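J.: Sharing a model prediction with you, sequence too.
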Amino acid sequence: MNDKPMELSETMRAIRDCATQMNARYGSPVFDEWVVVSLQDPQPRVLGYVGPRHEAFAKNFSRDLGGLRASLLTGQHQVGDFEFARHAAGTSFEAFMVLGEGLYLICNNTRCSMDEIARNPRWLSAQVPFADLSERMCAASTAGVR
């Protein structure tokens, strides 16, 4: 286990590496938005963003939570836990991963639903880097993400 918090820059590097590996295994981008958000008080905020619509992401965050809203907002997850929204389409978020207390990675494909993504047989191997990222976040969870 890590004995110091994972810096945001290190977290974003790990996320970019995960995206690169997933895309290579899948043969095209799985998610075109990878966003670290804080839902801690005093207000939600974007801490890191990779994708095509930075301003629109923050503006439409509540609407785009879609099918993940109830699960994400319960706060009953451990670091590394993740969920997928099978029928999310367009800008509705396909997945989230817990990075720390009130910190989440939001994953989105603005063109395809999770159901469409999962129909590709390459999806199975593309999940491996995502699971590895989850394990890495768990290993860093003793100190959290700063």
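T.: That came in fine, so what should we check first? Numbering: from 1, shown residues only.
J.: Tell me which stretches of this protein form helices.
T.: 8-26, 54-59, 61-64, 69-74, 114-119, 123-140 (DSSP state H).
J.: For the least confident helix or strand in the chain by mean pLDDT, what is the distance to the chain centroid?
T.: Every helix and strand in the chain was compared by mean pLDDT, DSSP states H and E; the lowest is helix 69-74, with a mean of 78. Counting by Cα atoms, centre = their mean, to the nearest Å, helix 69-74 is centred 14 Å from the centre of its parent chain.
J.: Also stretch 130-143?
T.: 13 Å.
J.: and it, which residues are buried?
T.: Residues F130, L133, S134, R136, M137, A140, S141 are the ones in stretch 130-143 that count as buried (16 or more other Cβ atoms under 10 Å). C-betas here are computed from N, CA, C, even on glycine.
J.: Stretch 48-61 too?
T.: Of the residues in stretch 48-61, those buried (16+ other Cβ under 10 Å) are Y49, G51, F57, F61.
J.: thinking again about what came up before, right, so of the helices of the chain, which gets closest to L99?
T.: helix 123-140 (5.6 Å; Cβ to Cβ).
J.: Make CSV out of the helices of the chain and add distance to A95.
T.: Formatted as CSV, the helices of the chain follow (distance: least, Cβ to Cβ, whole Å):
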stretch, distance to A95
helix 8-26, 11
helix 54-59, 15
helix 61-64, 12
helix 69-74, 10
helix 114-119, 7
helix 123-140, 8
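J.: worst average pLDDT in these?
T.: Comparing mean pLDDT across these, the weakest is helix 69-74, with a mean of 78.
J.: Dump it to CSV, keeping only the CA atoms.
T.: Below are the C-alpha coordinates for helix 69-74, written out as CSV (Å, rounded to 0.1, in the frame of the first residue of the first chain):
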residue,chain,number,x,y,z
ARG,A,69,-27.2,9.3,-10.5
ALA,A,70,-28.8,7.3,-7.7
SER,A,71,-25.8,5.0,-7.3
LEU,A,72,-23.2,7.7,-7.5
LEU,A,73,-24.9,10.0,-5.0
THR,A,74,-25.6,7.4,-2.3
